[in-house]
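Chemist: let's see this in three dimensions:
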Amino acid sequence: MALPEVGLRLLLSPVNSNLVARAACCSVGLALPVYSTFKAIENNDPYEQQRWLLYWAAYGSFSAAEMFAEKLLSWIPLYYHVKFAFLLWLQLPNINGARQLYSSHLRPFLLKHQARMDLIVEFVYGEMSKIISRYQPELQFARTLVVKFLMTATQTIRNLIHPVGRESNRVEPQKRQDQDSESEENN
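Modeler: Have a look, this model is predicted:
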């Protein structure tokens, strides 16, 4: 049995928990699009860049709506399976669901409310700027703590993965005798 077939059987198994479906949603909804976006940017491909911009606009809108309704939606049987299918529909090139969703729903909605949205965005950015300015010392302190923590964690992980030869803490008998004789001479 081929690996994709095993994965599909596991995903669609009626006895599987939502854990597999949720992991699949995360992989298909985020990991694959992040890498595809990276490739579109690095290859400087305008068609692919626009395709992934449309995906992120659709995905972001869906995520915002889902954030408010997830507790209710998660009780619906096979919700994560439907979400997985929706995420595939959004990004498959031959279907181009993100473009369809953007053209038919998202773009008309945003055009209709653009002036109001611009005011909200301007207000939010202004307030964020004020908060950052007001709490600059605290943010700098938090940044320093995070950087130190990450550096310590990185070094700890490196030491666990590649232990450095550690010198023993015990003093060799020969050196100890030399030290003892030096201390007796000083007395």
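
Chemist: phi, psi for residue 163 please.
Modeler: Backbone torsions of residue 163, given as degrees, to the nearest 10, read phi -60, psi 140.

Chemist: give me the distance between residue 43 and residue 117.
Modeler: 31 Å (Cβ to Cβ, to the nearest Å). To be clear about C-beta, it is placed using only N, CA and C from the backbone, and glycine gets the same treatment.

Chemist: the two: who's more crowded?
Modeler: residue 117 (13 against 10; other Cβ atoms under 10 Å).

Chemist: host element of the more buried one?
Modeler: helix 114-134 (DSSP states H and E).

Chemist: how about residue 146?
Modeler: Going by DSSP H and E, residue 146 is part of helix 136-161.

Chemist: relative to helix 114-134, how tilted is that helix?
Modeler: Using axes from the mean of the first three to the mean of the last three Cα atoms, to 10 degrees, the inter-axis angle of helix 136-161 relative to helix 114-134 is 80 degrees.

Chemist: low-confidence stretches in the protein?
Modeler: 1-17, 165-187 (pLDDT under 70).

Chemist: what's the lengthiest helix in it packed up against?
Modeler: Looking across the chain with DSSP state H, the single longest helix is helix 46-73. Secondary-structure packing of helix 46-73 (3 or more Cβ pairs under 8 Å, 6 or more residues apart in numbering; DSSP states H and E): helix 32-42, helix 79-91, helix 97-101.

Chemist: I appreciate the help and will end here.
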